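**Student:** When you get a sec, could you give me coordinates for this:
(chains A, B and C)
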Amino acid sequence: METYTHPALDYDRNMDDSLQLSPRQLHLVLAPHRAQRQMMTILTARLALTGRVRLVDAGNCFDGYGLARQLRQQTSYWQAALDRVSVARAFTCYQVETLLTESVADFSPILVLNLLDTFYDENVRLLERLRLLEVSLAELRRLCRVASVAVSASLPKRDQPGELLEILAGAAGQVWSFEEPQPAEPLRLF
Amino acid sequence: MGRTLPSVTQVFLREQESFLRFRRALRRSDQKALDDLFVAAHKHLAAAAYASHALPFEVFLLSMLLEEHKQVLRMRYLLNPSDAAALEQLEQGDSTAYLDSLTAAVEAGNPAPLHEPEEAGSPASPPDPVGSEPPASAPDLFNFHG
Amino acid sequence: MAELKGWLLDLFADTQSGIVLWLVGEDGQHHRLTQDFPITFYAAGEPRRLRQLWRFLQSQPEKVELKRTARRDIFSPQPVEVLEARVAQTAAQPFLFQRVAREFPELPYYDADLPITTRHAAIYNTFPLVHCQVEADEQGRVQALKVLDTPWELDPPAPPLRLLAIEPDVDPAHAAPTALYVRSMSVSYRFSLVHPRPLLINLRAILQRQDPDVLMTAWGDTWLLPYLIDLAEQWHIPLPLNREQGREVIRKDERSYMAYGQVIYRGKQVHLFGRWHIDGCNAMLFHEYGLEGVYELARVTALAGQTVARVSPGSGISAMQMVTALRQGIMVPWHKQQAERPKSALEMMQADQGGLVYQPLIGLHRDVAEVDFISMYPSIMRHFNISPETVADPNAKGRDQYARLERVSELGLWIDQETSGLIPQTLAPLLDKRLELKLRLAELPAWDPRRQTYQAQATAHKWLLVTCFGYLGYKNARFGRIEAHEAVTAYGREMLLRAKEAAEDLGFTVLHMYVDGLWVKKKGLADVPSFQPLLEEITTRTGLPIALDGIYRWVAFLPSRVDERIPVPNRYFGVFQDGSLKMRGIETRRHDTPAWVSNVQKEILDILVHASNVEDRSTYLPKVLRSLRRALTKLRTYGVRVEDLLVSQTLSRELSEYRTPSPAARAAAQLAAVGKNLRPGQRVRFVYTLGEPGVYAWDLPQPPEQRSIDQERYCVLLFRAAAAILQPFGIQEEDLKNRVIANANEVTFFSPAYLKG
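**Tutor:** Predicted coordinates:
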């Protein structure tokens, strides 16, 4: 597990090189919400330059405009690149499971945004959510066999169960963890 | 309820915010002019939303330009409605005529006259009586301060 | 064998077997009948697992008939292989299903958790308050049942329902009640709460004698009935709240939950057997349509009256869809499994939009017509056949299965026009009834007593229709589908633009547009007939019904409070030619505005409405200034009741979750300190006070002191509200303040104006 203590919010294109996807690996990007979103957008843009990308938006956080801006900066054929990105959204944990089960393995990289978001919905019993998560991870492992798969998630809030992230991290082969930097000590003159 | 992308108003506000540093470094009078541009673009958010452009700022810029042009049209009309008509004709016919005269005037060191009678191209229109008026408020394009 | 004619009041599962029906007979009697009612549910999935499920079901104590069959799932083009389980005993099915779902959690289930009334409606066409004819044997067992009316009739023979109303003398959240008022059509009593024994004995006698069909209460769910039930238990004097013997009332807990992006709070509930309990303070939208509205909702949705009064309109629409589905042999999924089909990022940006919302031309405009599409989104769903199963993806396999595809404007979406979809079929009768009702209301004279009933029914319909669109895209809606939702908004945008083009082609100026309506004007046109050609042209170009909402004598579109040059889509007010006012987004319309401010704003609006010439300030400004001065004088001299200064805000989260507490949170903290804990989604009422913490909660034991009220804060609110209205007339807030205070000697303690009140 590689851990970065970079100020996650300053992540920009220059840092992009560290998120290299390897085949047949389940990659996990763990970062605070806003950083996670930014990183996955940049990763999507980079992948879309050279081929199709499939996004599963599991947290209603797909940043269309951000993606367009990124692509525009990198190529004049940005519209064609944008067209190569396909998005499907899941608004409940049941839909996450359905989307992953129905995903066809066609060799394009698959990015799952904010996988755990819907699994924190307390209107669904925890046992049921755990079951759905296990099924979802099994589907992700299936997809890993033929494509690069990257999943993003954030740390659970105080009142949210930590086991969901633990299960996810346990299933991942490569984990990149970005933490919030500690606030710097104020400079003392005397 | 299934909405993922931010609303056009949110996108607009975010774009406006991304220019805050630029705005801060401008002189106060220039800041006000910049604000006017954004207010102008705000009037056409619905059309910007409908455009569904992947780079919305381009549509906001076009909206600003739209309002600027409306200002020009308004001012022409204010000068004198028939003057406005004559100017419209100028543009429909040989649109570079007044530009050419502007260039010539600069080279000759004279302020550019606003009105020039149409030479060729305009069919049965009578000679433009406007051409005889003195070039009153010719804007000094290079040294104009707000 | 007896033949009974009457109205169905209540229907529920019997503890023994089958269901119980309570009928309000034409003979004036109440009849308790029973009926066999087996419940069928289905399971799909892997054959191996279904075989295990079969064996599991056979081993259960409940009597279940099992069968292998194929049935329709609306999201599948082909019928689905399912295990059919028919449970003989109605009451047993929910418990059995719970066990099944725990043992086999991954299987898709259908028809598993539907309301009994919904199932009954699908088979027998019944609904609460249906007029019907029943053949029953000596034991009261139903042998045959025939319905005599439908929910879609305008004037069905009304059941002779007996009402009884009970309410405490004061809001229990505010202070401890000391008496109860009990009223019916014939009697009216007041009982002291100080002596429980006579209270209970009297209540019991009244319940038995009056034998009401509908028990109306105030705070019955949250305080009154739980209090009485506990009291009855303490004193061993049972109250016959249920008409059904041998049953406890149903009690539900309070809860807060997230829905539609907001925190919603549901109070505790008490449901009765054999009669309806409606709590006017806990019923959904009760102030909008009252009891008549509840009756209509029950009829139209086939949900029990006590249920429909308390659930959101979304549940009502869902129930209607279920009835349509069941009648056609379409299975109702237990969980929403269906997910979005992938789109390209570009398509996503085009599809993920709402209605077109314009920025109006700011200021005052005269002779403006407001033209609105009638129930636009439901009409679109019906006209263009939009339903979860009609949205086609031609790129997917099986494209040739679709006989007639129509593209949704510029989106990559196609709608199959071949067969009428579930949603259009569900909505059609509701839309037709709504239209018929509108026409009827337009014809009726103002004094006709039927107006009130029709109005309430129309409002109930409106809420159902307004919700059905949102429900189509709702993540948990069983028959929801996001592509269908997006198709509807796409058509909405397209049709509004066509309406705009029609208006502009006919020489109108479009002042404003908002999702389903336009404001237009044309020089010289100010009467109803002159707008008729426009309405016809719009209907021709769009295929949708459109109506003239009214012609404004004048309407003012307000700018943003932050910058006067920036238009805001939803803040305006105007007066129609018939003298009625319409306003949106201003203080009087908002919950959190104190009554004192709203009232003054209304006064000012009234002055403007009656001004002989809005272009001449002298016809209204002096009166406005007097109104403001009067209001300020009253405030300064402590003549304003504290109740009229109450601000009402919703608590958006748990108290502990606030980083910087809002005024509502600070007030809620005060209440928590005296043991009154509020849940997120509940409203807090308070006044602004001087010093810290700046608020004083309303429901505290001691009322706030008049002298502690922060009068300056209220003055600010008043002027802001007044300025909002006067701004389009060219009067600025500072100017207004100066003019009001200018004649300050009028605003003194001893001024004759004050003494006259």
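**Student:** From the structure, what's the count of residues near the residue of the stretch 401-550 of chain C found nearest chain A?
**Tutor:** Of all residues in the stretch 401-550 of chain C, the one sitting closest to chain A is C:Lys475 (3.6 Å; CB to the nearest CB). Every C-beta, even on glycine, is put in place using the N, C-alpha and C of the backbone. Neighbour count for C:Lys475, taken as other CB atoms under 10 Å in any protein chain shown: 20.
**Student:** Pretty sure it sits against A:Phe91.
**Tutor:** Yes: counting by CB atoms under 8 Å, A:Phe91 is a contact partner of C:Lys475 at 3.6 Å.
**Student:** Does the residue nearest the centre of chain A belong to a helix, a strand or coil?
**Tutor:** Relative to the mean C-alpha position of chain A, the nearest C-alpha, by CA atoms, centre = their mean, is the one of A:Ser152, at 2.3 Å. Counting by DSSP: H, G, I helix; E, B strand; the rest coil, the backbone at A:Ser152 sits in strand.
**Student:** Would you check that it makes contact with A:Asp117?
**Tutor:** No: A:Ser152 is beyond contact range of A:Asp117, at 10.0 Å (criterion: CB under 8 Å).
**Student:** and the nearest residue to C:Ile586 once chain neighbours are set aside, what is it in contact with?
**Tutor:** Nearest residue to C:Ile586 in three dimensions, chain neighbours excluded: C:Ala724, at 5.6 Å (CB to CB, 6 or more residues apart in numbering or on different chains). By CB atoms under 8 Å, 6 or more residues apart in numbering or on different chains, the residues touching C:Ala724 are C:558, C:561, C:571, C:586-587, C:601.
**Student:** Sort those residues by pLDDT and name the bottom one.
**Tutor:** The member of the contacts of C:Ala724 with the lowest pLDDT is C:Glu587, at 81.
**Student:** Any idea how many residues pack against C:Met583?
**Tutor:** C:Met583 has 20 neighbours, counted by other CB under 10 Å.
**Student:** Straight-line length of stretch A:21-39, end to end?
**Tutor:** 13 Å (CA to CA, to the nearest Å).
**Student:** all helices of the chain, in order?
**Tutor:** All of this is about chain A. Taking DSSP state H as the criterion, chain A carries its helices at A:33-48, A:64-74, A:78-83, A:93-102, A:126-144, A:163-171.
**Student:** ah, no, chain B please
**Tutor:** Using DSSP H, helices in chain B cover B:8-18, B:20-24, B:28-42, B:45-51, B:56-79, B:81-92, B:97-108.
**Student:** quick one: C:Ala101 is in a helix?
**Tutor:** Yes: according to three-state DSSP, C:Ala101 belongs to a helix.
**Student:** Report how many residues lie close to it.
**Tutor:** Neighbour number of C:Ala101 under other CB under 10 Å is 18.
**Student:** Kindly report the residues of chain B close to chain A.
**Tutor:** Contact residues, chain B versus chain A (CB under 8 Å from any CB of the partner chain): B:2, B:4-6, B:11, B:54-56.
**Student:** Show me the shaky parts of the chain.
**Tutor:** No chain specified, so I'll use chain A. Scanning chain A for pLDDT under 70 picks out A:1-18, A:180-190.
**Student:** Oops, wrong one, chain C.
**Tutor:** C:260-261, C:394-403, C:743-757.
**Student:** Ok, chain B next?
**Tutor:** Filtered on pLDDT under 70, chain B yields the residue ranges B:1-2, B:84, B:89-102, B:110-146.
**Student:** Now for the closest residue to chain C within chain A, how many residues are close by?
**Tutor:** Among the residues of chain A, A:Phe91 lies closest to chain C, at 3.6 Å counting by CB to the nearest CB. By other CB under 10 Å, the residues close to A:Phe91 number 26.
**Student:** if I pick C:Gly246, what's in contact with it?
**Tutor:** So C:Gly246 contacts C:Thr15 (CB under 8 Å, 6+ apart).
**Student:** Now do the nearest residue in space to C:Ala232 that is not next to it in sequence: how many residues are near it, please.
**Tutor:** Once flanking residues are discounted, C:Ala232 sits nearest to C:Leu239: 4.7 Å by CB to CB, 6+ apart. For C:Leu239, the neighbour count with other CB under 10 Å is 17.
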